[in-house]
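> what's the 3D shape of this:
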Amino acid sequence: MKPPLDVPAPQGGRFKGDYPQHDLKYVAICKDLRARITTGEYLPGRRLPSQLALAVAYGVTVMTLRQALAELGAEGLVETSHGRGTFVAARPFKYRLNHLSSFAQDMRTQGKFVTTRVLYSGLVAEAEPALCARLALPSSERPYQLDRVRFVDGVPVVFQRSYLPASIGRKLQPNSLETESLYDVLRTQQQLDVVRAVETVKAVGLPAAEAKALGRPPGTPAFLSTRLSLADGDRPVLFDKAYISGEAVEISTDRVADSLRLSFRVR
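Below you'll find the model as predicted:
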């Protein structure tokens, strides 16, 4: 039997109830679809073939197929939307606070594909005393501003506004930031190593401009991360404000006797 055009053959070539004796049919279907999702054959956000098409391809009833999808839903691998179908769920990634690294570096260690779109680069319109104070600049000096949208596996998840002393910002090549982290660029192009950062996180609603950049309605719950990055001698070199949509974020902790490790999980 050939499967429907939109349903590739199950891994191992099994169709029409050719399942191991020790596996219930829905368990075998779960294994096959789980493998397709975890290996990237079915990417996050993709709509799966219809339940009827899958049931026919696997040689089972729609009820059995739904049992398999319910199991995958409980594992967080798929999401079913009434009237729209079943979609591969976005895979969560951790946004760690317990160590010093850039966003892109953090994602790469987790096997995530990160891209960046630079929306703006240049001096701020006018000097802001509070911002200048954070960067240890004269109150009359205009810092350099860099606006970016960060994509994880093709999905926009972070709007990041960065401020740097003009002496540093003017030397940046914005195009290089589409494929490299700002920390890496500062180190390789200007021999500036970030050695320490102070970061705080609070719950906010997405402002209109940031919401538009992330493709979400204004006021959508979000986390606002503010981070001051310092080089040797506690010299401020970078101040970041990053908005992460709350629809996509979970916060989890790993508690041990003498410490606490905190991380974001973004779906």
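
> where are the low-confidence patches of the stretch 151-267 of the chain?
247-267 (pLDDT under 70).

> All the strands of it, residue numbers only.
Along the stretch 151-267 of the chain, the stretches classed as strands by DSSP state E, counting those that start in this stretch are 155-164, 196-205, 221-231, 235-245, 249-256, 259-266.

> can you tell which of the ones you listed is closest to Glu41?
strand 155-164 (18.1 Å; CB to CB). Backbone N, C-alpha and C define where each C-beta goes, glycine included.

> need the contact list for the nearest residue to Glu79 once chain neighbours are set aside.
Spatial nearest neighbour of Glu79, chain neighbours left out: Ala89 (4.9 Å); criterion: CB to CB, 6 or more residues apart in numbering. Shown in contact with Ala89 (CB atoms under 8 Å, 6 or more residues apart in numbering): 44, 76-79, 267.

> In strands, which of those fall?
Using DSSP state E, the subset of the contacts of Ala89 located in strands is 78-79.

> Buried only: go through the contacts of Ala89 for me.
Applying 16 or more other CB atoms under 10 Å to these, the neighbour count classes 44, 77-79, 267 as buried.

> Just put these in TSV and tack on distance to Gln67.
Converted to TSV, the buried ones among the contacts of Ala89 look like this (distance: CB to CB, whole Å):
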residue	distance to Gln67
Pro44	23
Leu77	15
Val78	13
Glu79	16
Arg267	24
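
> Just flag the most distant two among those residues.
Longest span within the buried ones among the contacts of Ala89, CB to CB: Val78 and Arg267, 12.4 Å.

> From the buried ones among the contacts of Ala89, pick the one nearest Thr115.
Nearest member of the buried ones among the contacts of Ala89 to Thr115, counting by CB to CB, is Pro44, at 14.5 Å.

> In this structure the closest one contacts Val157, no?
No - using CB atoms under 8 Å, Pro44 is not in contact with Val157; the gap is 11.5 Å.
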